[in-house]
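Visitor: Below are the sequence and a predicted model; questions follow.
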Amino acid sequence: MKRALIACLIAGAAVLVTAAPAAAHNALISSDPKDKASLEVGPSTVTLTFDQDVQGGQGINKISVTDGGGGHYELPGDPMIKDTSVTQAVGALGKAGLYKIGYRILSADGHPVSGELMFTLTKDGTGTPRVEAENDGSGADPHSQGGLPVWVWIVGAVVLLGGGVFFALRGGGTKA
């Protein structure tokens, strides 16, 4: 019984130590405009390039371009996806100042990936912002992470392994 328990403990430890992380989420590798860029004229599109293909579908991916007051400048409609690039059309920007590009895309492994970039418009544009509801019901909020964090799975595995060891040791003390 002890040998079986020791073998199980060694096998469990080996699995936990050598386990590779689940398929890695997409990572942003470049953007146009670049993060923290200064522009005299606002971009007509925002293009984000990732290290892996992005999954497409209606209402799944979202890119937003907002000013300091929360006004939106991205044009309505889903962004265009081509392999690893996601492109969103943008209308004319408004007043000079800081603009944020928020994004939420569906990673190649099926998990949502989100982030934020910024750029500064140095000269006033001719555009007028539109106000968008906080969540438009599409489930594509560029600021939400979604999914469970990895630490939840690790804690669950440790609890299950610890419980198994406890019950194995507790039950092994009596002989018939």
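Guide: Thanks, I have it.
Visitor: got the contact list for the residue nearest to residue 120 when sequence neighbours are not counted?
Guide: Excluding its sequence neighbours, the residue lying closest to residue 120 (Cβ to Cβ, 6 or more residues apart in numbering) is residue 38, at 4.8 Å. Every C-beta, even on glycine, is put in place using the N, C-alpha and C of the backbone. Contacts for residue 38 (Cβ atoms under 8 Å, 6 or more residues apart in numbering) come out as 119, 120, 122.
Visitor: so which strand or helix has the spatially most central residue of the chain?
Guide: Among the residues of the chain, the one closest to the centroid is residue 113, at 1.6 Å (Cα atoms, centre = their mean). Element membership for residue 113 (DSSP states H and E) is strand 112-121.
Visitor: what's the answer for residue 165, then?
Guide: helix 150-171.
Visitor: I'd like to know which elements that helix is packed against.
Guide: helix 2-18 (3 or more Cβ pairs under 8 Å, 6 or more residues apart in numbering; DSSP states H and E).
Visitor: Other residues contacting the next helix or strand after the helix it packs on?
Guide: Downstream of helix 2-18, the first helix or strand assigned by DSSP H and E is strand 28-32. Identification of contacts with strand 28-32 by Cβ under 8 Å, 6+ apart yields 43, 45, 46, 47, 48, 49, 50, 51, 101, 103, 115, 117.
Visitor: Could you identify the buried members of those?
Guide: Neighbour-count burial within the contacts of strand 28-32 applies to 43, 45, 46, 47, 48, 49, 50, 101, 103, 115, 117; the criterion is 16 or more other Cβ atoms under 10 Å.
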